[in-house]
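Visitor: Coordinates only, no sequence provided:
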C-alpha cells in the first residue's frame with residue numbers, strides 16, 4: 001500500500017508539521033508513504049519512515065499573502081507553474097498511490113489550482129482509483145465571500161472521499177469557521193488534534209524550569225512579539241524575576257537572532273526554536289505565543305498557563321477564533337495583536353498568571369487515528385464493502 005501526501009505551506013510551518021505527522025503515522029502502519037512538499041520542509045520536522053520529496057519551492061510574498069513567490073523571491077509565472085505541475089504529475093504517475101491526501105486543498109490554497117485540479121484528474125484515471133482525502137485543521141480562515149466558501153465544499157464533494165478534520169468537536173466544530181460544512185457532512189471525519197509532543201525529546205535538566213517561554217512557531221510573523229517580550233519583562237509583577245526563554249523560528253535569519261540577543265538583558269535567553277519545545281512547556285511557569293494550531297496543541301498538552309497573542313494581520317481570523325474559544329473556557333489570557341505594546345504585554349502576563357492551572361480534555365490522537373481511518377477505509381473500498 002502506498003500513500004502520497006501533498007502539502008504546501010506558505011508562511012507558517014503548521015501545515016508541514018501536520019503533514020509530516022500524518023506521514024509518520026502512515027509509515028508506522030507499513031504504508032509506503034511519500035510527503036510531497038511545495039516549500040522547504042522545516043529542519044525541526046521529523047518524517048519518521050516517510051520519504052520527503054520537495055517540489056520547486058513557493059511561499060507567500062509577505063504576511064498579508066499579497067502574492068506567491070519562488071525560492072528566489074520572484075513572483076511565480078506561467079512557465080514556473082508548468083514546470084511544477086509537470087513535476088507533481090510525474091511523481092504521481094511514478095508512485096501510483098493507493099491513498100492521496102491533500103493538505104488544506106480544496107479548503108484553501110486556491111492559487112495552486114493549476115496543479116491540484118490536474119492532480120485530481122490524474123487520480124480519477126488511475127486504476128485502481130486511490131482513496132482521496134482532504135486534511136484540514138480545526139479552524140479555517142473565514143472568506144468574505146460565502147460563494148467562495150460554497151465552491152470549496154463543492155470541490156470537496158467532486159474530488160474527495162473523506163475530509164479529515166484534525167480537531168475535537170467537543171471543543172470546536174468545523175462549521176463554526178466553515179458554514180458550508182453542512183453540505184459535506186457525510187464526508188467529514190473528526191480525527192482528534194494532531195499532537196506531535198510525544199515524538200519529541202526531553203529537554204536537558206533545568207531547561208524550561210519555572211521559565212517564561214516565548215515562541216512564535218516558524219517565526220515568519222513573530223519578530224514583533226519577540227521584540228516586545230524583551231521590553232516587557234521588567235514591567236511584569238509576576239514574572240519579572242523569572243528567566244524568559246525566547247525561541248526564534250527557523251524562518252527568521254541569523255541577523256534577526258543576533259539582533260534579539262543584542263537587545264536582551266540578563267535573565268533573557270534567546271535561541272533557535274527547539275524540537276524539545278513541548279517538554280519546555282511542561283516545565284514552564286508561563287507560555288507566551290501566537291495561537292497557531294501546533295503551538296496551541298502543545299500548550300494544551302503541557303497544561304501550563306498561557307498568554308496568546310494571535311496573528312491577525314490581513315484577513316487572518318483562525319488564530320483569533322481559536323484563542324477566544326480557549327479564553328471562553330478560562331484556559332488562557334488573550335492580547336489582540338493590534339494592542340501589543342510592552343505595557344499591554346506585561347499587564348496580560350500578570351492576568352495570565354492569575355488564572356488557575358487547568359487542563360482541557362481534548363482528543364489529541366489525530367495522526368494515528370487519521371492513518372488508521374485512511375487504511376481501513378481503503379481496505380473496505382477495495383473489498384467492496386463501501
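Guide: Received the coordinates, thanks. Here the structure is a predicted model, which is why all the values come from computation and not from measurement.

Visitor: Only C-alpha atoms from now on, for both contacts and neighbour counts.
Guide: Noted.

Visitor: Surely residue 5 touches residue 35?
Guide: Yes. Counting by CA atoms under 8 Å, residue 5 touches residue 35, with 4.7 Å between them.

Visitor: Please enumerate the shared neighbours of the two.
Guide: Common neighbours of residue 5 and residue 35, counting by CA atoms under 8 Å, 6 or more residues apart in numbering, are 19, 23.

Visitor: what's in contact with the helix or strand residue 5 falls within?
Guide: Assigned by DSSP states H and E, residue 5 belongs to strand 2-7. Contact partners of strand 2-7, identified using CA under 8 Å, 6+ apart, comprise 15-16, 19, 23, 26, 31-38, 92, 95-104.

Visitor: how far is stretch 152-160 from where the chain is centred?
Guide: With CA atoms, centre = their mean, to the nearest Å as the basis, stretch 152-160 stands 22 Å off its chain's centre.

Visitor: cool, stretch 346-364 as well?
Guide: Stretch 346-364 sits 21 Å away from the centroid of its parent chain (CA atoms, centre = their mean).

Visitor: measure it end to end?
Guide: Its first and final residues considered, stretch 346-364 spans 31 Å by CA to CA, to the nearest Å.

Visitor: likewise stretch 222-240?
Guide: End-to-end distance for stretch 222-240, by CA to CA: 22 Å.

Visitor: Also stretch 379-386?
Guide: Stretch 379-386: ends 9 Å apart by CA to CA.

Visitor: picking that back up, list the neighbouring strands of the strand holding residue 5 plus their orientation.
Guide: Sheet pairing of strand 2-7 (DSSP bridges) gives strand 32-37 (parallel), strand 99-103 (parallel).

Visitor: can you list contacts of the helix or strand just after the last one?
Guide: Note on strand 99-103: by DSSP H and E, the next helix or strand toward the C-terminus is helix 113-125. For helix 113-125, the external contacting residues (CA under 8 Å, 6+ apart) are 81, 84, 85, 88, 89, 92, 105, 129, 130, 159.

Visitor: Mind listing what's buried along helix 113-125?
Guide: For helix 113-125, the neighbour count (16 or more other CA atoms under 10 Å) marks 115, 116, 119, 120, 123 as buried.

Visitor: Could you check the angle the helix or strand that it is followed by makes with strand 2-7?
Guide: Note on helix 113-125: by DSSP H and E, the next helix or strand toward the C-terminus is strand 131-137. Angle, strand 131-137 to strand 2-7, by axes from the mean of the first three to the mean of the last three CA atoms, to 10 degrees: 40 degrees.
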